[in-house]
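**Q** Here is my input; please provide its structure:
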Amino acid sequence: MAGRLPALSTSDLPTASPTEASATASPARGSAMLNSIFKSVRVPEFKYRWQFWAEKGHQQPPKTASTTAGAEEYANRPKPLGEQIVSVKDFYQHFNNIPVESLKLRDSIHLFHLGVKPLWEDPRNTRGGAWYFRISKEQAAQFWHEICLLAVGDVLQGAVETKRASFNDDICGVSYSVRWNAVQVAIWTRDADNEVGKEKLLQTILEKLSAELQPKKDSYWYKAHKEHKGFAGSE
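**A** You can find the predicted model right below:
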């Protein structure tokens, strides 16, 4: 009959072995497949543990910070988001659920070493400072993504490490803060006096960022926390 497809004869083919038959089984789908993958593949852990924080409103202490109630209110402003982050899997489970594009004016998201609070006055931060980058809102999300990966991947940490016997420098965390007409991304360091580390950190950031994200010369600066008007800590 015209247009009829020829039949495929299999009468002379050997039957499939058990191994061959199992290889043709349909793979698991959806969450079952993901669970199977994560159970069979060991996800490498980061050297440091991290945690996301959310903060609404001003980063500076309120005028009442000199009072016990005001200081407590200021210290409780940053709120931890989710559990500790120890692997790439953990990182993206959190990162993908924090849409920084929807943050309102003066809101902030922080990614810090576990146990370090994103406050200038935290004991791990009082002697430190930060590199600040003013980023257009169009590029901010991608810039933030790349900075976060440089942080959890220890690329930033490698730039500031020293061999001193005490008070070695650290990357304490990174922040994303919405400003009036731009976004401010900060990379917090533990030692504001580590001049060599600060310059090496800046060069590392500029070298590792994608070409389209390279900031202009006048759009970034370093500032010690104690130089901020609202700093309420002491060394």
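
**Q** for this structure, which strand is longest?
**A** Taking DSSP state E as the criterion, the chain has its longest strand at strand 45-55.

**Q** just the helices in this structure please.
**A** Taking DSSP state H to define them, one finds helices in the chain at 18-23, 30-40, 68-75, 88-95, 140-152, 155-160, 195-208.

**Q** Can you name the residues that contact the residue nearest the centre of the chain?
**A** Taking Cα atoms, centre = their mean, the centroid of the chain lies closest to Cys148, which sits 3.1 Å from it. Residues near Cys148 by Cβ atoms under 8 Å, 6 or more residues apart in numbering: Phe91, Phe95, Leu111, Val174. For glycine as for every other residue, the C-beta is placed from the backbone atoms N, C-alpha and C.

**Q** Looking at those residues, which one is closest to Gln139?
**A** Nearest to Gln139 among the contacts of Cys148, counting by Cβ to Cβ, is Val174 at 15.8 Å.

**Q** Sketch out the low-pLDDT regions of this structure for me.
**A** For the chain, the stretches with pLDDT under 70 are 1-43, 58-76, 165-166, 233-235.

**Q** Try it again at 50.
**A** For the chain, the stretches with pLDDT under 50 are 1-11, 13, 20, 22-28, 59, 64, 234-235.

**Q** Burial check on Trp50, number of neighbours?
**A** Neighbourhood size, Trp50 [other Cβ atoms under 10 Å]: 21.

**Q** With Glu227 instead?
**A** 11.

**Q** Tell me the spacing between it and Trp180.
**A** Relative to Trp180, Glu227 is positioned 22 Å away (Cβ to Cβ, to the nearest Å).

**Q** Also Phe133?
**A** Phe133 is 16 Å from Trp180, by Cβ to Cβ.

**Q** the more surrounded of these two?
**A** Phe133 (23 against 6).

**Q** Kindly state the beta-bridge partners for the residue lying closest to Ile147 once chain neighbours are set aside.
**A** Taking Cβ to Cβ, 6 or more residues apart in numbering, and ignoring the residues beside it in sequence, Ile147 has Val174 as its nearest neighbour in space, at 5.4 Å. Beta-bridge partners for Val174, by DSSP bridges, are Leu111, Ile187.
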